[in-house]
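Peer 1: Pasting a predicted model and its sequence here:
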There are 2 protein chains.
Amino acid sequence: MRDIYLLGATGSIGTQVCDIIRAHPEVFNLVTATAHTNIKQLREVINQFHPEYVSVGTHEAKRELQELFPNQEIGVGETGLIKAATYEGSDGLLVNAVVGSAGLMPTYQAVLKGRDIALANKETLVIGGDIIMPLVREKRISLLPIDSEHSALMMCLKNEPKESVTSLIITASGGSFRDKTRAELTGVTVQDALLHPNWSMGAKITIDSATMMNKGFEIIEAHHLFDVPYNRIQAVLHQESIVHGLVEFNDGSMLAHMGHPDMRVPINIALFYPKRIPYQAQQLDLTTLKKLQFDRVSTKRYPLFKLAIEAGKTGGITPTILNAANEVAVMLFLNGKITFLQIEEIVLECLNKFKQTKSLTIEYILETDEVVKDYVHKQYS
Amino acid sequence: MRDIYLLGATGSIGTQVCDIIRAHPEVFNLVTATAHTNIKQLREVINQFHPEYVSVGTHEAKRELQELFPNQEIGVGETGLIKAATYEGSDGLLVNAVVGSAGLMPTYQAVLKGRDIALANKETLVIGGDIIMPLVREKRISLLPIDSEHSALMMCLKNEPKESVTSLIITASGGSFRDKTRAELTGVTVQDALLHPNWSMGAKITIDSATMMNKGFEIIEAHHLFDVPYNRIQAVLHQESIVHGLVEFNDGSMLAHMGHPDMRVPINIALFYPKRIPYQAQQLDLTTLKKLQFDRVSTKRYPLFKLAIEAGKTGGITPTILNAANEVAVMLFLNGKITFLQIEEIVLECLNKFKQTKSLTIEYILETDEVVKDYVHKQYS
């Protein structure tokens, strides 16, 4: 039995993780679970899995839940998230599917505790990679990505010696505005932006996909996960989203990981690794598909993609500034406060305004995250 | 140091193997080498590597070579090939790059001796797979393919448990007549047939590529090499010849092995396995390539492809009959004795005419090979 500590149990990833735990009761045991404010769904999680500890995002949500489960131990906010991540018990596996920078501290604490991690929270590595990864290596724990691109790279890299790897390539769908020119992006609506051409996922990541900030984040994550320098990691446009990641080796060959887009595949990989667990995904028939197309990512068309990679290369506090500005800007766009193109203006403004003032620590990252977010809120709300 | 016993040293594969041995004198030592009648090139091999034993295809070639190297031990014909394959010394590696059924016996004898094999000779597995592979497993030796498709499959299967493999897929360029309809095949010339769209290789395999008999052979080889049933091995048309092989796993994902067509890649893999050796192949840039296309193989358009798979499924002596008829028919076509479409007629005729009469042995395979070849020669020369 493997104990699971699940942060973000009611989101898109969390729900699928719950499905897998339900399907394999002899393998997994859900010990803790958290949700932001989706009490209705967390209630079902509690009824089904009887976790020892749960936590929610707000005091109001806690009150509501406590009425339903008077004897359940319930936490709240950051403290609750950290407690759920580091809850006493076996080493087990922390599945971190929280969205946003709130995901960093729980991962950090769980790593310190020596707990294995399955990571869907991008911010952990985007803003904290320089601190998290050395600790992961020191503690000799495993940190596996729940993300089709990084999972694909991991499967291509499996058991290959590092020195034989020449480059990593991830693919990008191009997002909801991929067929629009840059000029046509003026005045696009939130509704348009949320229509991802290839799949449906959370609002934040769908917007990050449209700006391709998400792909920049993924390059930063790949850099940290696989310890490969930025000049050997690329993204290519691939509108079919069938090939998720490719690894080029120094013997002149390349491995690609493919499949119909389906998050269950990388979730299963992360939960069962190194075992492959049978899963009836939609079968991939290349002869029905007819073709796979690839193209360059234009950094003119997707300036946030370029900014993200530059921030990654600069390192230190810069990815935190980039991410914080973007996180609030995307929220403001989703709430109708700013236009789509203002997202990149705000990110650029913050990258110019804020600078690194001390050496990198988790506390400094979180402090900067707050300062930048406050600034954007005050300026644009 | 690894001792190399090289059959077919002056052919396309053999020449490239010699290049690699030359480039890695600290790794490989050429102990034996054979050629059919290319004395000029074998002479260079002798001058460069000083093999202990060489062998040639004809007595005339032997006489000519002996004059040049009076003190060199030189063999001839099948006996010479077998002696070169099983030459006393360390276990080392037999690299069998002979074309045709003549390659079977030397592999068989080397396997019996417990020598590892790098196999470019297709016939060894196409006609002898049922005998060779159980022996390979019994002797616990390694038999690695020198062939882009099987090498690709091997790299995708590397370190994966067999039970997680759902299917194997190899790609087919479609050969020199891929843009012609079946009706347009009437009256095509030898010259046309030898113009392979994607690369240049030996005449025999170029014709087998045009009829797609070669792809049928490769499915039979894949069946034997990886012990996967025929209903889980497919070929797909892929005109760019960038993806060489794919493996579908039961977790919903697929791995593909890609690269520009370059035999040096699979040769290096077979010689250095499990190590990857750095090799500056032409870099694969998917964004320059723009697209990869896939299509079904029409068994109406390529009846020999279908016949080959059926022969593989029937097993026993049937692949030997298929291969022997095809080997002579292709030679007759190359010599202008028959038309392109007669190749398939002859193969079909022989499959109908000859039947299995006893249980399978190496001797029975070679005897049948001769009987069928004699028949085709007598009927059509």
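Peer 2: Cool, got the structure.
Peer 1: show me where the stretch 151-300 of chain A has helices.
Peer 2: Ranges of helices in the stretch 151-300 of chain A, per DSSP state H, counting those that start in this stretch, are A:190-193, A:203-211, A:213-226, A:264-272, A:286-289.
Peer 1: among those, which is the most enclosed?
Peer 2: Of all these, helix A:213-226 has the most neighbours on average by mean count of other CB atoms under 10 Å in any protein chain shown, namely a mean of 25. All C-beta atoms are positioned from the backbone trio N, CA, C, and that covers glycine.
Peer 1: one step back: would you format the helices of the stretch 151-300 of chain A as TSV with distance to chain B and mean pLDDT included?
Peer 2: As requested, these are exported to TSV (distance: least, CB to the nearest CB, whole Å; pLDDT from 0 to 100):
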stretch	distance to chain B	mean pLDDT
helix A:190-193	25	89
helix A:203-211	19	92
helix A:213-226	14	98
helix A:264-272	5	96
helix A:286-289	4	95
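Peer 1: In JSON lines, list the ones you listed along with distance to A:S167.
Peer 2: Formatted as JSON lines, the helices of the stretch 151-300 of chain A follow (distance: least, CB to CB, whole Å):
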{"stretch": "helix A:190-193", "distance to A:S167": "31"}
{"stretch": "helix A:203-211", "distance to A:S167": "23"}
{"stretch": "helix A:213-226", "distance to A:S167": "11"}
{"stretch": "helix A:264-272", "distance to A:S167": "21"}
{"stretch": "helix A:286-289", "distance to A:S167": "24"}
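Peer 1: other SSEs contacting the helix or strand containing A:L322?
Peer 2: Counting by DSSP states H and E, the element that carries A:L322 is helix A:318-334. Secondary-structure packing of helix A:318-334 (3 or more CB pairs under 8 Å, 6 or more residues apart in numbering or on different chains; DSSP states H and E): helix A:123-139, helix A:190-193, helix A:203-211, helix A:213-226, helix A:303-314, helix A:340-353, helix A:362-380.
Peer 1: If we use 7 Å, what do you get?
Peer 2: On a contact count with 3 or more CB pairs under 7 Å, 6 or more residues apart in numbering or on different chains; DSSP states H and E, helix A:318-334 meets helix A:123-139, helix A:203-211, helix A:303-314, helix A:340-353, helix A:362-380.
Peer 1: between those helices, which one is nearest to B:H260?
Peer 2: Distance to B:H260, taken as CB to CB, is lowest for helix A:303-314 among the helices and strands packed on helix A:318-334, at 27.2 Å.
Peer 1: Which positions within that closest one qualify as buried?
Peer 2: If you call a residue buried by 16 or more other CB atoms under 10 Å in any protein chain shown, then helix A:303-314 has these buried ones: A:P303, A:L304, A:F305, A:K306, A:L307, A:A308, A:I309, A:E310, A:A311, A:G312.
Peer 1: Next one: the first one from A:E344, what distance?
Peer 2: So that's A:P303. 5 Å (CB to CB, to the nearest Å).
Peer 1: and if you look at the fifth one?
Peer 2: According to CB to CB, A:L307 stands 7 Å off from A:E344.
Peer 1: Can you give the contact residues for the lowest-mean-pLDDT helix or strand in chain A?
Peer 2: Taking mean pLDDT, DSSP states H and E as the measure, the helix or strand of chain A with the lowest value is helix A:190-193, at a mean of 89. Contacts to helix A:190-193, defined as CB atoms under 7 Å, 6 or more residues apart in numbering or on different chains, come from residues A:S176, A:T206, A:I207, A:A210, A:F333, A:L334, A:G336, A:F340.
Peer 1: Mind doing that once more with 10 Å?
Peer 2: Helix A:190-193 is contacted from outside by A:175-177, A:180, A:185, A:203, A:206-207, A:209-211, A:330, A:333-336, A:340, A:343, using CB atoms under 10 Å, 6 or more residues apart in numbering or on different chains.
Peer 1: Tell me the confidence at A:N198?
Peer 2: Looking at A:N198, its pLDDT is 69.
Peer 1: Kindly report the same for A:G252.
Peer 2: Reported pLDDT for A:G252: 92.
Peer 1: Let me see the contact set for it.
Peer 2: Counted by CB under 10 Å, 6+ apart, A:G252 has contacts A:166, B:259-260, B:262, B:264-266, B:268-269, B:276-284.
Peer 1: what distance separates stretch A:308-326 from the centre of its chain?
Peer 2: Centre-to-centre, stretch A:308-326 and its host chain are 15 Å apart (CA atoms, centre = their mean, to the nearest Å).
Peer 1: ends of it, how far apart?
Peer 2: By CA to CA, to the nearest Å, the extent of stretch A:308-326 from end to end equals 10 Å.
Peer 1: if we can go back for a sec, find residues that contact each of A:P303 and A:E344.
Peer 2: Both A:P303 and A:E344 are contacted by A:T211, A:M213, under the criterion CB under 10 Å, 6+ apart.
Peer 1: Tell me how many other residues surround A:V297.
Peer 2: Other residues within reach of A:V297, judged by other CB atoms under 10 Å in any protein chain shown, total 19.
Peer 1: ugh, typo on my part, it should be A:G187
Peer 2: Burial of A:G187 is recorded as 9 neighbouring residues (other CB under 10 Å).
Peer 1: isn't it right next to A:T339, touching?
Peer 2: Yes - look at A:G187 against A:T339 with CB atoms under 10 Å: they come within range, at 7.0 Å.
Peer 1: centre of the chain versus the one helix or strand A:I74 maps to, how much separation?
Peer 2: Element membership for A:I74, per DSSP H and E: strand A:73-76. Relative to the chain's own centre, strand A:73-76 is displaced by 25 Å; criterion: CA atoms, centre = their mean.
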